[in-house]
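Undergrad: sequence plus the predicted model coming up.
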Amino acid sequence: MADPDFSKIGAALRHARLQMGWSQEYFAEKAILSVPTIRAAESGARVYPRTYRALIDAINKARAACNPPVGPLILEFPVGRAYETDTAQPTDPASPGQAAPGPGVYPEASPAEHMVNDDPITPDATIPIPDPVGKGDPPRLSWADDKGLLHAGNDAWRIKDACEGVVIFGATGSGKTSGSGQTLARAYLGVGFGGLVLCAKPDEPALWTQYAAKMVRQSDLILFGTDPRWTFNFLEHESRRQGAGASLTENLVNLFTEIASIGAGSAGGSTSDPFWDRAMRSLVRNCVDLLAAAGVPVTLHNMFDVVRSAPTSLEVIQSEEWRQASSCWRHVQVAQKAVSASGHRIDLHEVIAYWLDHFPTLGERTRSSIVAMFITLAEALMRSKMRELFCSGTTVAPEDILAGKIVIVDLPVKEWGEVGRIAAVLWKYCFQKTVERRKDNSNGQGRPVFLWADECQYFVSRHDALFQATARSSRAATVYLTQSIPSLVAAVGAEQEGRALVDSLLNNLITKIFHANSDTTTNEYASKLIGKTVKRFGTAGRSVGPPPPGGWFRTVTQSSGYSEQLDDIIHPNEFSRLGKGGPENRFLVHGIIVQMGRVFGPSKQYWHLVAFKQRPDDVQPEPPILVDRSVNSVKQRYSLGPLSPLMFPWRHFKGNVSVARWVACVLVWAGALELGSFFALVVWRQLLYSYHL
């Protein structure tokens, strides 16, 4: 039974084990203990003092052997509660003649000691995860590409496979979230990935909180949106970040236009007429340059003030009243005094020419349209909740994810609507740009991070395909879950261009998992992806003719053969018959995995049918959560309706067939045999009667 006083000690032991890159099996080997004992200690149960001593000694020896050496593990234990005894021995360290045990030191146990462990031990992971690594590890101990995350028989799905991207298809209720989604999420958390989670459904934040608790990652969890401690000023973050490309105007313009276009409802990121895109980008570019030259923070509110107070005609510029009230004029004057370098003077000259010459001379309708576009795109980020989250200071940033934090955008689209969608896409874009320029991935040994989007059709954008093309080298594992391909195309918009963007994105998500689905487009895509093979199709014929002269029996002619044809390995309609989990499927969700360039099993096939457990906590880590299956070996059993449980009880009541059911089965079969014998006798007598006639 877990003891609250020892839960923190168990978590500390598990964290120390993860820092060393050890699995529980390897930890048990080092400490010369059993694996169940390791699980008991890490779950917070009270074990023998000598067990704690063995665990701490094993870790400290390995730390001392590191290059450079790592400091020893020191734990403070609850006073007087290291163990319980059957005898009335004093356990208070303050008692006369007893010294208080120091950090990490226990008194030896007496023969009368016993463990209090009435409840079964809950495993710390639902699947066997080899060599997990926790946060804070040096690169030499970090996440090797060939380390397995999941196992299906002898096939291992590794970290490098995860960094190539995953897309999961499945109809509503197919089990994609509770099956393969849960399996991947807990695997990523178990080995120390940092991550960004975009939420569409209201129950997702609670679900991920549960995952983090199971994998002892609560301290890394950040609920952005509902927790007032966390804010993220994305423009200020981009303008003040470190790096060679920091504060570049074009990066800020791209950031603003990409995010603002999502707020306007365009996942493609552009309008039909490129003139308006270029005009709006020019407005934003000169606005950013003016604020930077004046030494004013680049924020949405400051940009809004500049655009709103810009001159509308050349005559207005000469007005003293306008000059006193205009933020644009005030920033121009400050910038002229502040700029001294020649290069900056040239840039400032272009900026001033835009605001005091080009902008006022634009046509009234053209200028008002450009300003209206900017205001429409920006105001979505400057109202109520969005202003609180993205227009104040910065207490959490994408760099925290690289350090192992798990940021959950706790603004589900189904509850917050467009606000939740804009917030999620904003975080996604900033995360993607941060990952692409990360500096902690020397020699490809940086901490892997994941981007998770269930119901990803709400969050896809044009930049996703470009990001995924290089995500593997940045060690970013993208996981997108959706119902079908048409839902992605509809979200991106623009029929042909949208389908091209979706095809490009799917091409760069290397691992594809298909669950039960009734969408013909997705099922045909999966079937074509798996491919065709040569199959044999049997042919048979039978003809009955009149009896020959003088004969009694008719002439029967039979023929048979086969033909070889190229046919689908798995027909599209077979995807609609995959198991969807639940009690009727023993809580197993069937899915077909396809991974480009990968063969599975001894038969070397290019697809793999597996079953994902929906209830991993009900089983021990072995056997793995992925169960080997084969489409060809799954045969439909003939059903006899209500007679089937009586005649075949072992099929319907596996492992729990009562004596009464066996007696009923014998009686039914006896009746069936007797009835069959009666009909056989009648037929035989009829044949004899016909022969004598």
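TA: Sure thing, it's come through. Numbering: from 1, shown residues only.
Undergrad: which is the next helix or strand following the lowest-mean-pLDDT helix or strand in the chain?
TA: Using mean pLDDT, DSSP states H and E, strand 113-114 stands out as the lowest-scoring helix or strand of the chain, at a mean of 30. With elements assigned by DSSP states H and E, the helix or strand that comes after strand 113-114 is strand 148-152.
Undergrad: doesn't residue 590 fall inside a strand?
TA: Yes - judged by DSSP: H, G, I helix; E, B strand; the rest coil, residue 590 forms part of a strand.
Undergrad: ok, it - contacts?
TA: Contacts for residue 590 (Cβ atoms under 8 Å, 6 or more residues apart in numbering) come out as 515-516, 578-580, 609-612, 629. Quick note: C-beta positions are derived from backbone N, CA and C, even for glycine.
Undergrad: and it, how far from residue 601?
TA: Distance, residue 590 to residue 601, by Cβ to Cβ, to the nearest Å: 16 Å.
Undergrad: what do you get for residue 282?
TA: Relative to residue 601, and taking Cβ to Cβ, residue 282 is found at 57 Å.
Undergrad: next one: residue 520
TA: Taking Cβ to Cβ, one finds residue 520 at 28 Å from residue 601.
Undergrad: same deal with residue 646?
TA: In terms of Cβ to Cβ, residue 646 sits 38 Å off from residue 601.
Undergrad: quick check: next helix or strand after the helix or strand harbouring residue 286?
TA: Per DSSP H and E, residue 286 falls inside helix 274-293. Using DSSP H and E, the next helix or strand after helix 274-293 towards the C-terminus is helix 300-308.
Undergrad: between helix 274-293 and that next one, find me the angle.
TA: Helix 300-308 and helix 274-293 are oriented at 110 degrees to each other (axes from the mean of the first three to the mean of the last three Cα atoms, to 10 degrees).
Undergrad: can you dump the C-alpha coordinates of helix 300-308 into CSV?
TA: Below are the C-alpha coordinates for helix 300-308, written out as CSV (Å, rounded to 0.1, in the frame of the first residue of the first chain):
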residue,chain,number,x,y,z
LEU,A,300,0.0,44.6,-30.7
HIS,A,301,-1.2,47.6,-28.8
ASN,A,302,1.7,49.8,-30.0
MET,A,303,1.2,48.6,-33.6
PHE,A,304,-2.5,49.3,-33.3
ASP,A,305,-1.8,52.9,-32.1
VAL,A,306,0.6,53.6,-35.0
VAL,A,307,-1.8,52.3,-37.7
ARG,A,308,-4.8,54.1,-36.2
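Undergrad: centre of the chain to it, how far?
TA: Between the mean C-alpha location of helix 300-308 and the chain-wide mean there is a distance of 38 Å, by Cα atoms, centre = their mean, to the nearest Å.
Undergrad: which helices and strands does that helix pack with?
TA: helix 274-293, helix 327-338, helix 364-379 (3 or more Cβ pairs under 8 Å, 6 or more residues apart in numbering; DSSP states H and E).
Undergrad: identify each buried residue in the last one, please.
TA: Applying a neighbour-count criterion of 16 or more other Cβ atoms under 10 Å, one finds 367, 370-371, 373-374, 377-378 buried in helix 364-379.
Undergrad: tell me which of those residues is nearest to residue 460?
TA: residue 377 (18.9 Å; Cβ to Cβ).
Undergrad: model confidence score at that closest one, please.
TA: Looking at residue 377, its pLDDT is 74.
Undergrad: which residues touch the residue nearest to residue 289 when sequence neighbours are not counted?
TA: Nearest residue to residue 289 in three dimensions, chain neighbours excluded: residue 351, at 4.7 Å (Cβ to Cβ, 6 or more residues apart in numbering). Contact analysis of residue 351 by Cβ under 8 Å, 6+ apart lists 286, 289-290, 293, 335.
Undergrad: mind redoing it with 7 Å?
TA: 286, 289-290, 293 (Cβ atoms under 7 Å, 6 or more residues apart in numbering).
Undergrad: ok, and the most crowded of these?
TA: Highest neighbour count within the contacts of residue 351: residue 290, with 26 neighbours (other Cβ atoms under 10 Å).
Undergrad: what distance do you get for that residue to residue 685?
TA: In terms of Cβ to Cβ, residue 290 sits 109 Å off from residue 685.
Undergrad: show me where the stretch 501-650 of the chain has strands.
TA: Assigned by DSSP state E, counting those that start in this stretch, the strands in the stretch 501-650 of the chain fall at 511-514, 532-545, 555-568, 588-595, 608-613, 627-629.
Undergrad: that older thread, quick check: the residue nearest to residue 289 vs residue 43, distance?
TA: Counting by Cβ to Cβ - residue 351 and residue 43 are separated by 62 Å.
Undergrad: what of residue 676?
TA: For residue 676 relative to residue 43 (Cβ to Cβ), the value is 59 Å.
Undergrad: these two - which one has more neighbours?
TA: residue 43 (22 against 10).
Undergrad: pLDDT score assigned to residue 120?
TA: 31.
Undergrad: check contacts around residue 367.
TA: So residue 367 contacts residue 359 (Cβ under 7 Å, 6+ apart).
Undergrad: enumerate every residue touching residue 253.
TA: 281, 284-285, 288.
Undergrad: PyMOL command to pick out the buried ones of these?
TA: Only the buried members of the contacts of residue 253 enter the following PyMOL selection, criterion being 16+ other Cβ under 10 Å:
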select buried, resi 284+285+288
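Undergrad: dump the contacts of residue 253 into TSV; add pLDDT and distance to residue 19 as well.
TA: As requested, these are exported to TSV (pLDDT from 0 to 100; distance: Cβ to Cβ, whole Å):
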residue	pLDDT	distance to residue 19
281	85	47
284	88	45
285	88	46
288	87	43
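Undergrad: would CSV of the contacts of residue 253 with distance to residue 169 be doable?
TA: Output for those, formatted as CSV (distance: Cβ to Cβ, whole Å):
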residue, distance to residue 169
281, 36
284, 38
285, 40
288, 41
